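Participant: Need the 3D shape of this:
(chains A and B)
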Amino acid sequence: MEGILTEKEIALAQRCIRFAREAGAAAVRITLNKSLTNLVGMLSGEVDKVSRSLDRNLTVHLFVDGRFGSFSINRLDDEDVVRDFILDAAETVRMMAEEPCRRLPDAARKVQDAVSGTEAGLFDPAYASLDPSIRLEMARKSSLWDRREKLEKGFTLLSEEGEYSDSIDDTLILDSEGLCCRHTETSFEIGYEITVADAEGNRFSGYWWDATSRLDAILPSLENCSETALEQAVAQIGPQSHPGGKINIAVRSECTSKLLNPILNALGGYSLQQSNSFLLDSIGKKLFSERLTVRDFPRHKGEMGAKWFDSEGVATADSVIIEKGVVKRYFINTFISGKTGLSPTVEDPNHPVVESTGDCATEADVLRLLGDGILVTGFNGGNSNSATGDFSYGIEGFAFRDGRITHPVREMLMTGNFLTLWQHLAFAADDARPCRTRSIPTLGFTDVEVR
Amino acid sequence: MILEKNRYFEIFRVTEESLRRLVAEGIRRGGDYSDLFFENTTLTNLMLRDGEVSAGGNLVDYGVGVRVLSGGKTGYAYSESTASADMLAAARAAAAIAGSGGAEGPFNVNETLKKARVLYDSFSPQAANGDRLVRKFFPGEPNPAADRYPSEIGWRDTRAADFIPFLRKLDAEIRRRDTRVSKVTAMLVWKVSDILMYNSSGELKFETRPLATVSVTVVFSHKGKIDTKGVSRSFRFGAEMLSDALFNDLVDNALKGLDARFEARRPAGGEMSVVMGAGASGILLHEAMGHAFEADFNRKGQSVFSERMGQRICPPGIRILDDATLKGSRGALNFDDEGVPGQKTYMVEDGILTSYLHDRISARHYGVTPTGNGRRESFRYAPIPRMRTTYMESGNADPEAIIASVRSGIFVDEFSNGQVKIGEGDFTFFVKSGFLIEDGRLTMPVKDINIIGNGPRALADIVAVGNDLRIDDSAWTCGKEQSVPVSCGIPTVLVSRLTVGGE
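Facilitator: Modelled structure (predicted):
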């Protein structure tokens, strides 16, 4: 085994099933998680912070007398404390109302092939080669502060704040019907925020971030993350006002999840069961542009978000969520399936991918095809109504004309309804960033209300 | 609640001597300050869905965080066990910030602490505070008589079953009062945290913090339209907070404004006057201005207010403060998470920027006394400057007269999902509910639009402040790097121009 859970911790999790049985539980699921994170923070070229975090957590899902409760404890050194905790938990469950829809998933749906924890290809053994001095060196290397005088052209660099971090996360799920599955992944991340001032003293900030499950893959980003953040900040100097109205917008891949997440949330079982979704009764209906296809690829080994099972231990499988604008699936766990009569699926999408429309590959292609409009590079606040799909977001980015960026814009708003917005999807590029679990490329929309 | 000191020592299995050894371990390699934050949290939740309380649970979270400061640098580590060896390992990991100097093996605890105290405490903040007398130490044990979390019925003395009738009654009353209600979800969460803090200056603080929240989400359907509304109330009181008054407040607010909500439309957008209603609009103050007053953003040169201390940032007469002293408030604190007493901190007095919100690190950087704003989500996090209950004091204007003075604009009574860019000061807020103002009267209901502006400019554009300050007791949670409970408030305020998004 490659993870960080010890034999002793795993044995305790196994004994918790017995403790739950002794407390009168008809069924029980145990989720044991352990994670270790090391972080080095940089502030204007100097090491500002180092931290080391080791977390353990054991969650007990108890099914007692037709009732249900979920309980969590991190005091795992004393087995008696854990056993008493489970006994008390069972008593608490007995106070709840009966809920016949609460049960473990059917055995046939449970994962069988997640044994070692490394099946999803997100574990890098090179993690073990890191020590505090290497981490400090990697963080120091990522700063551009010492080179700032060469870079300052028409602006002043006010501050540079960044973080390098790496982590290993190990999860084991067991249940009283024999389920045993494990997922282990490593993560290496770098992020920088840069603040600059123009000649008049106006401030602009830029942010860049990268993450990967492999140590060697983060190394190039250590070299260029802060410079990319600087480019983002400097590009915003000299914003101009821009006329509003119904216009074309392109949304940079960096921030497109803001527009897809509400769709995926509205397809979630809890929202549907509570009628708090603008996608009620939508299966089989063509509600979006024919150019929108979204698939879930949880079993694409090595890609961010890959996972062989969900939080109930149900096996994941590649699937179609939306195909040519037609809604193909909801996300329904065992409980919601019982409440609604809908067929159960995995609880959530793991690695959803928006397919390219095939006629554009990059952001530049999308701008060229749209001609004129605004390229959105970041959202600033705003919200959406989960029941109606109405939204209003603050946006910032750049105006473009004839496919070329002309000037930065900020303090603008984009308003509409998700159903209408996605009906106006015109282009999807092929430039989704691999560091995102939700793989969404640069998108181009027509007729969007902007102020 | 403040229990006997020894009770906390028992919970965490420590003694005063073992605490001294640990902080000494943190600084023996060159660190100049070290502190310990012990936490024992129990959290219980009950959820009502489809008319029944059929889900609930508990959480136990226990551990200690060790911080070592070396100049302005921070080393941080924590342990989920308070066994001596585990705490020692965490102290050594945190001490790595100060380098690897210093010998291994036995050392003199008293001498180590004495040297560190000389270094850390030799700093004198008086000069930077206009010769005002300011504390360098916060000596003395916590005083139960001054407790800001009054609890008549301790949450730990109750059983989950005691509260199931309250949630059921909420569901039944909301459904009885309005036939358009199709779904009700109600949740009660209570959390009790035993906290023990100790630092290399020898300051020992301890307390038990309750925090309980009732939240209700209602889905309505009417003539084929569906909409939702949520309401929450959160306090640092005991279980006596589940009173009839709270019950009625929740039911009234879950159903309030429903007719307007179904009629509400998006107005034509553009730049216009905005009247912020008293109470929940205070979140705009928290997001758009409060964060920019947090000293870490200023120390790092990131805040739009970094160079503006002592300058006028809004019209005379306006006072904006952050307050830990409101008994039972979600933002109330006897002590912050660095052991500094909770207090009132005025950031803006008579329109002049007078103070940032400080933790110990930023206070030392600026040469001022810490303001009790060093807060953290749990023992897993190092403290950073955070708000508590942030509000603007009342002015002189009659709220109705403020609305009557606006020819064309909008009145907002509920905001959500605010966001601000600290460097630029740009903010955006989602309007959950409000009304158009036409010729001084509230007319068409509006919802689901955004207001966008710039913090310093919006402050400068305030033209009237009402005499009706209200603190909002909703379950506000601030998410700057870590989640901490906060509260906010504001009187009715008129801003002469902000951009409103619409059709």
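
Participant: From now on I want contacts and neighbour counts done on CA atoms only, so please keep to that.
Facilitator: Noted.

Participant: And the strands in the stretch 251-400 of chain B, which stretches?
Facilitator: All strands of the stretch 251-400 of chain B, identified by DSSP state E, counting those that start in this stretch, fall at B:270-276, B:320-323, B:344-349, B:352-353, B:374-375, B:384-385, B:389-392.

Participant: which helices and strands does the fifth one pack with?
Facilitator: In this case it means strand B:374-375. Using 3 or more CA pairs under 8 Å, 6 or more residues apart in numbering or on different chains; DSSP states H and E as the contact criterion, the elements in contact with strand B:374-375 are strand B:384-385.

Participant: Not counting its own residues, what contacts the strand it packs on?
Facilitator: B:294, B:295, B:296, B:357, B:358, B:359, B:373, B:374, B:375, B:376 (CA atoms under 8 Å, 6 or more residues apart in numbering or on different chains).

Participant: show me what contacts the nearest residue to residue A:274 once chain neighbours are set aside?
Facilitator: Across the structure, with CA to CA, 6 or more residues apart in numbering or on different chains as the measure, the residue nearest residue A:274 apart from its sequence neighbours is residue B:183 (6.3 Å). Applying CA under 8 Å, 6+ apart to residue B:183 gives the contacts A:274, A:275, B:50, B:218, B:219, B:220.

Participant: what two of the residues you listed are the furthest from one another?
Facilitator: The most widely separated members of the contacts of residue B:183, counting by CA to CA, are B:50 and B:220 (13.9 Å).

Participant: Which of those two has more residues huddled nearby?
Facilitator: Between residue B:50 and residue B:220, counted using other CA atoms under 10 Å in any protein chain shown, residue B:220 has the larger neighbour count: 23 against 15.

Participant: Per-residue confidence, that one, what does it come out as?
Facilitator: What the model reports for residue B:220 is a pLDDT of 91.

Participant: Could I get the pLDDT score of the residue nearest to it when sequence neighbours are not counted?
Facilitator: Sequence neighbours aside, residue B:181 is the residue nearest to residue B:220 in space, at 4.5 Å (criterion: CA to CA, 6+ apart). Residue B:181 is assigned a predicted lDDT (pLDDT) of 95.

Participant: Residue B:181 reaches residue B:226, doesn't it?
Facilitator: No - with contact taken as CA atoms under 8 Å, residue B:181 and residue B:226 are classed as non-touching, separated by 9.8 Å.

Participant: Would you reformat the strands of the stretch 251-400 of chain B as CSV and include mean pLDDT and mean neighbour count?
Facilitator: Formatted as CSV, these follow (pLDDT from 0 to 100; neighbours: other CA atoms under 10 Å in any protein chain shown):
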stretch, mean pLDDT, mean neighbour count
strand B:270-276, 92, 22
strand B:320-323, 96, 24
strand B:344-349, 94, 21
strand B:352-353, 94, 21
strand B:374-375, 96, 25
strand B:384-385, 94, 26
strand B:389-392, 97, 27
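
Participant: Do a quick rundown of the helices in the chain.
Facilitator: Chain wasn't specified; assuming chain A. In chain A, the helices defined using DSSP state H lie at A:7-22, A:79-94, A:132-141, A:148-151, A:215-235, A:257-266, A:269-273, A:334-340, A:363-370, A:418-423.

Participant: ah, no, chain B please
Facilitator: Going by DSSP H, chain B shows helices at B:5-12, B:16-27, B:84-95, B:109-121, B:164-177, B:244-255, B:258-263, B:282-284, B:291-293, B:295-299, B:360-366, B:399-404, B:455-460.

Participant: pLDDT of the longest one, averaged?
Facilitator: With pLDDT averaged residue by residue, helix B:164-177 scores 97.

Participant: next one: that helix to chain centre, how far?
Facilitator: A distance of 30 Å separates the centroid of the chain from that of helix B:164-177, by CA atoms, centre = their mean, to the nearest Å.

Participant: Name the residues of it that come out as buried.
Facilitator: B:164, B:166, B:167, B:168, B:170, B:171, B:174, B:175 (16 or more other CA atoms under 10 Å in any protein chain shown).

Participant: Over to the second one?
Facilitator: For helix B:16-27, the buried set under the neighbour-count rule, 16+ other CA under 10 Å, comprises B:19, B:20, B:21, B:22, B:23, B:24, B:25, B:26, B:27.

Participant: what distance separates that helix from the centre of its chain?
Facilitator: Here helix B:16-27 is found 30 Å from its chain centre; the criterion is CA atoms, centre = their mean.

Participant: for the third one, same thing?
Facilitator: With CA atoms, centre = their mean as the basis, the distance from the averaged C-alpha position of helix B:84-95 to the chain average is 30 Å.

Participant: If you compare the directions of it and helix A:132-141, what angle comes out?
Facilitator: In terms of direction (axes from the mean of the first three to the mean of the last three CA atoms, to 10 degrees), helix B:84-95 departs from helix A:132-141 by 30 degrees.

Participant: who does helix B:84-95 touch, helix- and strand-wise?
Facilitator: Counting contacts by 3+ CA pairs under 8 Å, 6+ apart, helix B:84-95 packs against strand A:46-64, helix B:16-27, strand B:52-70, strand B:73-79.

Participant: closest to residue A:210 out of those?
Facilitator: When the helices and strands packed on helix B:84-95 are compared for distance to residue A:210 using CA to CA, the nearest one is strand A:46-64, at 19.4 Å.

Participant: Convert the C-alpha atoms of the closest one to CSV, please.
Facilitator: Provided in CSV are the C-alpha atoms of strand A:46-64 (Å, rounded to 0.1, in the frame of the first residue of the first chain):
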residue,chain,number,x,y,z
GLU,A,46,10.9,36.2,1.8
VAL,A,47,9.7,33.0,3.4
ASP,A,48,6.7,34.3,5.5
LYS,A,49,5.1,31.1,6.8
VAL,A,50,5.7,27.4,7.0
SER,A,51,3.1,25.0,8.2
ARG,A,52,2.6,21.2,8.5
SER,A,53,-0.9,19.8,8.9
LEU,A,54,-1.6,16.1,9.7
ASP,A,55,-5.3,15.4,9.9
ARG,A,56,-7.2,12.2,10.7
ASN,A,57,-11.0,11.8,10.7
LEU,A,58,-13.2,8.8,11.2
THR,A,59,-16.9,9.2,10.1
VAL,A,60,-19.5,6.7,11.1
HIS,A,61,-22.8,6.5,9.2
LEU,A,62,-25.2,4.5,11.4
PHE,A,63,-28.4,2.8,10.4
VAL,A,64,-30.2,1.9,13.6
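
Participant: can you tell if that strand touches chain B?
Facilitator: Yes - with CA under 8 Å from any CA of the partner chain as the measure, strand A:46-64 is seen reaching chain B through A:47, A:48, A:49, A:50, A:51, A:52, A:53, A:54, A:55, A:56.

Participant: Show the contacting residues for the third one.
Facilitator: What it means is residue A:49. Listed by CA under 8 Å, 6+ apart, the contact partners of residue A:49 are A:39, A:40, A:41, A:42, B:73, B:74, B:75, B:76, B:97.

Participant: and the residue in the stretch 351-451 of chain A that chain B sits nearest to, how many neighbours does it have?
Facilitator: Nearest residue of the stretch 351-451 of chain A to chain B (CA to the nearest CA) works out as residue A:381 at 4.5 Å. Taking other CA under 10 Å as the criterion, the count of residues near residue A:381 is 24.

Participant: Report the contact partners of it.
Facilitator: Listed by CA under 8 Å, 6+ apart, the contact partners of residue A:381 are A:393, A:394, B:417, B:418, B:419, B:420, B:427, B:428, B:429, B:430.
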